[in-house]
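**Q** could you look at this predicted model? Sequence included:
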Amino acid sequence: MTSNIEIVKKLREKTGAGYSDCKEALKEAANDLDKAVEILRKKGISVAMKKTGRAAKEGAIGSYVHGGKIGVLVEVNCETDFVAKNEDFKKFVKEIAMQIAATNPRYLKIEDVPAEVIKKEKEILKDEGKLVQFYQEACLLEQPSIRDPKLKVKDLLTDTVMKIRENIIVRRFVRFQVGEEL
């Protein structure tokens, strides 16, 4: 039988949440690790929502080149230069650059899709469920993560905000591929 301290340690390693948050989540989940992770993720969403309005003027430009044929630049902003140097933040930026290289999204989020594109897609697809699928393919934040398809990229963003405790914004990206039409 594992002790409470060991369970809290496992939860902290898994989520990056603080000791007291993990202890509280485990208490609420009756020491069920998976339920505690879910509780912390839900809590993270509310934490992330509170941080959304805060200015994120620092950050980093991440890059990723795949096989010399695909290249990505992505700007991810945070609130402080201290966080911009944080390993978890750097890892997140790299993950986003790799996601863009692998999936070739056209837009950052649903709100960025032009009205005429949505209208055209609706005419072609004629099904609301298929429009959701279009958003998952075309919008970076709606895509399933290449590392964990159960999570969307926006969930990874929320988890990182919760872990780092600062507002983080994927601001813009560009993807180049050798031989693509201009």
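**A** Ah, there it is.
**Q** any stretches of the chain with poor pLDDT?
**A** Applying pLDDT under 70 to the chain picks out residues 1-3, 15-18, 44-54, 182.
**Q** please, where are all the strands along it?
**A** Ranges of strands in the chain, per DSSP state E, are 58-66, 70-78, 169-177.
**Q** where do the domain boundaries of the chain fall?
**A** Domain ranges of the chain: 4-51, 58-177, per automatic domain parsing.
**Q** mind putting these into a markdown table with mean neighbour count?
**A** For the C-beta atoms, the positions are set from N, CA and C on the backbone; glycine is no exception. What follows is the domains of the chain, written out as a markdown table (neighbours: other C-beta atoms under 10 Å):
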| stretch | mean neighbour count |
| --- | --- |
| domain 4-51 | 16 |
| domain 58-177 | 16 |
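**Q** so which of the strands of the chain is nearest Glu24?
**A** Among these, the nearest to Glu24 by C-beta to C-beta is strand 70-78 (25.8 Å).
**Q** kindly export that closest one (C-alpha atoms) in PDB.
**A** This file holds the C-alpha atoms of strand 70-78, laid out as PDB (Å, rounded to 0.1, in the frame of the first residue of the first chain):
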ATOM      1  CA  ILE A  70       9.600  21.100 -43.500                       C
ATOM      2  CA  GLY A  71      10.300  24.100 -41.400                       C
ATOM      3  CA  VAL A  72       8.200  25.900 -38.700                       C
ATOM      4  CA  LEU A  73       8.500  29.100 -36.800                       C
ATOM      5  CA  VAL A  74       6.000  29.700 -34.000                       C
ATOM      6  CA  GLU A  75       5.700  32.700 -31.500                       C
ATOM      7  CA  VAL A  76       4.400  31.700 -28.100                       C
ATOM      8  CA  ASN A  77       4.000  34.500 -25.600                       C
ATOM      9  CA  CYS A  78       4.000  34.500 -21.800                       C
END
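**Q** what residues are up against the spatially closest residue to Gln99 that is not a sequence neighbour?
**A** Distances taken as C-beta to C-beta, 6 or more residues apart in numbering put Ile146 closest to Gln99, at 5.5 Å, once the chain neighbours are dropped. Counting by C-beta atoms under 8 Å, 6 or more residues apart in numbering, Ile146 touches 98-99, 102-103.
**Q** so Arg12 versus Lys119, what's the distance?
**A** Distance, Arg12 to Lys119, using C-beta to C-beta, to the nearest Å: 48 Å.
**Q** many thanks, I have nothing further to ask.
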